[in-house]
Structure formats: structure tokens, C-alpha cells
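1. From the sequence below, what's the structure:
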Amino acid sequence: KETLKTDLASIEDVYFAGRGTFFILERNSDANIIGAVGLQDLSLPTKEILKKGQNSCKNIGELRRMTIHSSERRKGRGKLILKAILSYAIDQGFDGLTGSTRIDSAKSLYKSMGGNEVEQFDSATGKKKSRFDLFF
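-> Reported below is the predicted structural model:
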């Protein structure tokens with residue numbers, strides 16, 4: 001939760017470095033925000049990457065904070081915003097994207113878009129989560 005607070009409090013610093021971005025999905029009828037996804041450029045040395053003893057992750061982006069409002073789920077909104085961010089990533093020259101989730105519907109979405117699932121253990125929460133890699 002702390003990471004979420006710091007990420008969203010400084011979207012420009014976290015997501016707009018290098019080729020990163022942050023997309024917002026709004027409903028046409030009333031302009032309410034119904035979804036969002038961030039793309040962090042992992043080819044830049046960030047605090048998290050430096051903690052792992054690496055300088056960069058070589059032309060890979062990370063999907064972060066993808067969310068769709070509960071009233072808008074199962075309507076193709078997730079696929080819409082994921083297609084948009086994938087298109088952006090390809091245009092920016094990324095070789096692929098990675099992202100992680102514990103949510104079954106998100107897992108299904110990533111798989112439907114060609115993502116390869118790798119199960120991981122989250123030592124912070126003590127729960128399993130899935131990482132998905134999508135390469136172009």
C-alpha cells in the first residue's frame with residue numbers, strides 16, 4: 001500500500017521517466033475515470049533495480065497499477081487499455097513488457113494477449129502471485 005501511495009503521488013516521476021507513461025481510461029458519457037495503467041521503463045536504473053544489483057533490465061517495460069472500475073469490468077475495458085499500452089510500447093521500441101498480479105481475471109486477460117505466466121512467491125505478503133511476460 002505504501003508503494004501505491006508513493007507511485008500515485010508522483011506519477012510524473014515514477015512513470016514518465018524515459019519511455020514510460022501512464023494511461024487513463026475515461027467513460028465517454030460522463031468523463032469519469034474508469035481505468036488506468038502505468039508503464040515503467042525498466043531500461044533506466046531505478047531504486048528497485050539498483051537494489052537487485054542490476055543497472056537496468058534491457059529494453060523491457062513493466063505494467064504497473066492496471067485497474068478497471070468494478071462497474072466496468074467484464075466489458076472489454078481491460079483489453080482496450082492493455083491493447084493501447086501494448087501499441088504504445090511497440091511504438092516506443094520496447095522488446096517486451098512484464099507485469100504481476102494475483103487477480104484471476106487479470107491473469108486471464110494477460111494470457112489472452114499472449115502473456116507467458118510465471119508463478120512467484122511474494123515474500124512481503126506470503127502469497128503466490130503471477131508474473132506475466134509479453135514479448136514482441
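
2. ends of stretch 12-26, how far apart?
-> 19 Å (Cα to Cα, to the nearest Å).

3. what are the ranges of the helices in the chain?
-> Ranges of helices in the chain, per DSSP state H, are 2-9, 11-15, 47-51, 77-91, 104-112.

4. Lowest mean pLDDT across those, which one is that?
-> Lowest mean pLDDT within the helices of the chain: helix 47-51, a mean of 55.

5. Look up the residues forming beta bridges with the residue nearest the centre of the chain.
-> By Cα atoms, centre = their mean, the chain has its centre lying nearest to L63, at 1.6 Å. L63 has these beta-bridge partners by DSSP bridges: L39.

6. That one touches L42, doesn't it?
-> No - counting by Cβ atoms under 8 Å, L63 does not reach L42; the two are 10.8 Å apart. For glycine as for every other residue, the C-beta is placed from the backbone atoms N, C-alpha and C.

7. Spit out the residues that contact the two alike.
-> T98 (Cβ atoms under 8 Å, 6 or more residues apart in numbering).

8. Could you count how many residues lie near A17?
-> Neighbour count for A17, taken as other Cβ atoms under 10 Å: 12.

9. my guess is it meets D41, correct?
-> Yes - taking contacts as Cβ under 8 Å, A17 lies within contact range of D41: 6.1 Å.

10. I figured F121 was touching K128, is that so?
-> Yes - contact criterion Cβ under 8 Å: F121 and K128 qualify, at 5.9 Å.

11. Quickly list what's touching both of those two.
-> By Cβ under 8 Å, 6+ apart, no residue touches both F121 and K128.
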